[in-house]
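1. Here is a sequence with its predicted model. Questions after.
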Amino acid sequence: MNPALTHRPLTAWITGVGFIAPGLPDWPSACAVLRGEQAWVPAPSVLPSPALLPPAERRRASRVIKLALGLGLEAAAGDDVARLATVFTASGSDGHNCHALCEQLATEDRHISPTRFHNSVHNAPAGYWGIATRSMAPCQVLCAFDGSFGAGLLDALGQVVLDQQSTLLMAYDSEYPEPLHRMRPLPDAAGVGLLLEPRATPGSLARITAWTTEASATPWQHAPLEPLRAGVPALRGLPLLELLAQARWGEVCLDYLPGMQLAVRIEAP
């Protein structure tokens, strides 16, 4: 999407949220922390088993695939997922699979297993989603490094506005083992899922409007979770999720690209 076009606000309605992060296995647990009802207790991310996948694909599913599918299925819970357009966005690839491939290529035997190879591509989670849900709806797979959450949100909102298509956004990141971790120190697997609709429904949680801006990003005051927001590109949207969890309507300005931020307004549905 041309950034110049996104100065025009894009609006949709949020009807579902998925969330997975260290110590926060789902959206209800994240809501409790974001509302101040519960303290955040750091713990390794819990990735759900992709039960919709056939047994063979379930065995092959990597951490990032479990993460992406878990986010989408929680956000779209109770919906007909096969009808939904999808946007998958991540700042990199499957960290553990990348590490294993590099280890293998550093040996004299450079034969790569077929599973490792087909899981190495950036759109692998989208492929597994199609297998799991049998969806034939439009699908986009994006990467914009640290701006991947913002790029994914703008792309999903654009589909909702232009195509009047219900769209499921899955923004996620996976950690790398050492020595790659030193160069890209993501703390753990984490991400956000948002189900966006072109019009309000009885299940709508909020109205969301987003546009690009040159204004500075809003400093986030949630000290316990700020390291996650800053350390995981997929969690750059935590300030808007805080508004949503608290049903507190207002605007935040999120980190996006150098010299360009993403303004987001959350309102009552």
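-> Right, received. Where do you want to start?

2. Enumerate the positions of stretch 38-45 that are buried.
-> By neighbour count on 16 or more other Cβ atoms under 10 Å, the buried set for stretch 38-45 is 40, 45. (C-beta placed from N, C-alpha, C; glycine too.)

3. next one: stretch 122-129
-> So, applying 16+ other Cβ under 10 Å, buried residues of stretch 122-129: 122, 124-129.

4. Now secondary structure too, for those, in CSV please.
-> CSV is the format used below for these (DSSP: H, G, I helix; E, B strand; the rest coil):
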residue, secondary structure
122, coil
124, helix
125, helix
126, helix
127, helix
128, helix
129, helix
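
5. Helices of the stretch 151-269 of the chain, start to end?
-> Ranges of helices within the stretch 151-269 of the chain are 180-183, 226-231, 238-245, based on DSSP state H, counting those that start in this stretch.

6. Same check on the stretch 1-150 of the chain?
-> Per DSSP H, counting those that start in this stretch, the stretch 1-150 of the chain carries helices over the ranges 27-34, 55-60, 63-75, 95-105, 114-120, 124-133, 148-163.

7. quick one: which of those helices has the weakest pLDDT on average?
-> Lowest mean pLDDT within the helices of the stretch 1-150 of the chain: helix 114-120, at a mean of 80.

8. List the contacts of that helix.
-> With Cβ atoms under 8 Å, 6 or more residues apart in numbering as the test, helix 114-120 has contacts from 60, 62, 65, 93-94, 97-98, 100-101, 104, 124, 127.

9. again with stretch 152-167
-> 1, 6, 10-12, 83-89, 137-138, 140, 142, 144, 168-171, 194-198, 208, 210, 212, 237, 262, 264.

10. Pull out the buried members of those.
-> 6, 10-12, 84-89, 137, 140, 142, 144, 168-171, 194-198, 208, 210, 212, 237, 262, 264.

11. give me the low-pLDDT residue ranges for the stretch 151-269 of the chain?
-> The stretch 151-269 of the chain contains no residues with pLDDT under 70.

12. who touches the spatially most central residue of the chain in this structure?
-> Geometric centre of the chain, nearest residue: residue 171, 1.5 Å, by Cα atoms, centre = their mean. Contact analysis of residue 171 by Cβ under 8 Å, 6+ apart lists 71, 89-90, 148-149, 152-153, 191-193, 234, 237.

13. could you say what helices and strands the longest strand anywhere in the chain packs with?
-> If you go by DSSP state E, the chain has its longest strand at strand 10-20. In this structure, strand 10-20 makes packing contacts with helix 27-34, helix 63-75, helix 148-163, strand 167-173, strand 190-197, strand 206-213, helix 238-245, judged by 3 or more Cβ pairs under 8 Å, 6 or more residues apart in numbering; DSSP states H and E.

14. mind running it again at 6 Å?
-> helix 27-34, helix 63-75, helix 148-163, strand 190-197, strand 206-213 (3 or more Cβ pairs under 6 Å, 6 or more residues apart in numbering; DSSP states H and E).
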